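Colleague: I'd like to go over a predicted model; first the sequence, then the structure.
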Amino acid sequence: MAAAVQRFLDSDLWWSFRRSPVTVVSAIVALVCILGAVLAPWIAPHNPFDLASLNLSDAFKPPAWDEDGAAEYLLGTDDQGRDVLSAIMYGARVSLLVGLSATIFATVLGVSLGLTAGYAGGHVDSVLMRICDIQLTFPSILVALLVDGVVRAVLPREVHDQIALFVVIFAIGISEWPKFARTVRGSTLVERNKEYVQAARVIGVPSLRIMFSHVLPNVIGPILVVATLNLGLAILSEATLSFLGVGVPPTQPSLGTLIRIGNDFLFSGEWWITIFPGVALIAMVLSVNLLGDWLRDALNPKLR
């Protein structure tokens, strides 16, 4: 274990990370957002979704530094008296859960189909890539809205509300898989003609084992880059769906839901209800995207 850590500390990747102040700051911001979301039940000042603890007389309190603010509500309260800071921490949990789950789903599906298309070639490659081309002609958010709309039309409202979180994850994941498939397919086309793949074929190694045990480890770099960049897009897609009212249910509000709620009061003076969740969303997505940009450059041998 110690040897592995030492090798990492001596690697070009760690050197590149330390030499980039923007990347270091982005990593710190992303870490703070993740820890704040994961540890929200233990470190949040209040539980904003415990109805028994809400007091409507505390509604619309401004941030603590305002003369009408209260010290116990650092970022103020919303229309129901919920602490905005606590709501952001709990809402970030849902946003991160949906974003990570959708990205993992899109990665597994896209990588599997991309490996199959690149390694098999022929008609399999043509069919899968034409499906990718067709889907890429539509904006991802439009595909997610279509999937969510179809599910809402097919399932009863009670059933949909119970599985709404999984529907959003599926809708976002199914709209993003072509990016992974095309990236992996291109890398696989290069790898399949190399000597180690030819040698594995000659000794009779099954195709599935060649794809996942030999080819996949050699195309993992581009996959990590696409997955990191796609995580930010998935979080934004979830926020967009929730802002439009077709995302996660109101009982599990995300940052997008909090922004939608605050938007109703933005021009009546209660700006903090929507501004602070918006800032949190921007900080989370921007830090992830900057880390993705750094990872793309760090794993590119032409830029070393």
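Modeller: Perfect, thanks for sending it.
Colleague: so where's the chain uncertain?
Modeller: 1-2, 4-5, 8-10, 250, 300-304 (pLDDT under 70).
Colleague: do a quick rundown of the strands in it.
Modeller: Secondary structure of the chain by DSSP state E: no strands are present.
Colleague: by residue count, tell me the biggest helix in it.
Modeller: Looking across the chain with DSSP state H, the single longest helix is helix 84-120.
Colleague: which secondary structure elements does it sit against?
Modeller: Secondary-structure packing of helix 84-120 (3 or more CB pairs under 8 Å, 6 or more residues apart in numbering; DSSP states H and E): helix 21-38, helix 40-43, helix 122-136, helix 164-191, helix 220-243, helix 255-263, helix 272-298. Just so you know, the C-beta spots here come from the backbone N, C-alpha and C atoms, and that holds for glycine as well.
Colleague: and those helices as JSON lines, adding distance to S112 and mean neighbour count?
Modeller: Listed next are the helices and strands packed on helix 84-120 as JSON lines, based on distance: least, CB to CB, whole Å; neighbours: other CB atoms under 10 Å:
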{"stretch": "helix 21-38", "distance to S112": "27", "mean neighbour count": "16"}
{"stretch": "helix 40-43", "distance to S112": "34", "mean neighbour count": "12"}
{"stretch": "helix 122-136", "distance to S112": "10", "mean neighbour count": "14"}
{"stretch": "helix 164-191", "distance to S112": "9", "mean neighbour count": "22"}
{"stretch": "helix 220-243", "distance to S112": "11", "mean neighbour count": "22"}
{"stretch": "helix 255-263", "distance to S112": "29", "mean neighbour count": "24"}
{"stretch": "helix 272-298", "distance to S112": "22", "mean neighbour count": "20"}
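Colleague: among those helices, which is nearest G76?
Modeller: helix 272-298 (4.4 Å; CB to CB).
Colleague: chain center to the closest one, what's the gap?
Modeller: In terms of CA atoms, centre = their mean, to the nearest Å, the centre of helix 272-298 is set 11 Å apart from its chain centre.
Colleague: check which helices and strands that helix is in contact with.
Modeller: Helices and strands touching helix 272-298, by 3+ CB pairs under 8 Å, 6+ apart, are helix 12-18, helix 21-38, helix 84-120, helix 220-243, helix 255-263.
Colleague: export these as JSON lines, with columns for distance to L145.
Modeller: Formatted as JSON lines, the helices and strands packed on helix 272-298 follow (distance: least, CB to CB, whole Å):
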{"stretch": "helix 12-18", "distance to L145": "37"}
{"stretch": "helix 21-38", "distance to L145": "25"}
{"stretch": "helix 84-120", "distance to L145": "14"}
{"stretch": "helix 220-243", "distance to L145": "7"}
{"stretch": "helix 255-263", "distance to L145": "13"}
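Colleague: do you know which of those lies nearest L146?
Modeller: Here helix 220-243 is closest among the helices and strands packed on helix 272-298 (CB to CB), at 11.6 Å.
Colleague: quick one, what contacts G121?
Modeller: By CB atoms under 8 Å, 6 or more residues apart in numbering, G121 lies in contact with L189.
Colleague: need phi/psi at it.
Modeller: G121 adopts backbone torsions of phi 70, psi -160, taken as degrees, to the nearest 10.
Colleague: re earlier: can you state the direction angle for the longest helix of the chain and helix 220-243?
Modeller: Relative orientation of helix 84-120 versus helix 220-243 (axes from the mean of the first three to the mean of the last three CA atoms, to 10 degrees): 130 degrees.
Colleague: off-centre distance for helix 84-120?
Modeller: For helix 84-120, the distance to the chain centre is 5 Å (CA atoms, centre = their mean).
Colleague: and it, what's buried?
Modeller: Using 16 or more other CB atoms under 10 Å as the test for burial, helix 84-120 gives 84-103, 105-107, 109-119.
Colleague: and stretch 136-156, by the same measure?
Modeller: S140, I141, V143, A144, L145, V147, D148, V151.
Colleague: D293: which of the residues you listed is nearest?
Modeller: Using CB to CB, S140 comes nearest to D293 of the buried residues of stretch 136-156, at 19.5 Å.
Colleague: I'm done for today, thanks for sticking with me.
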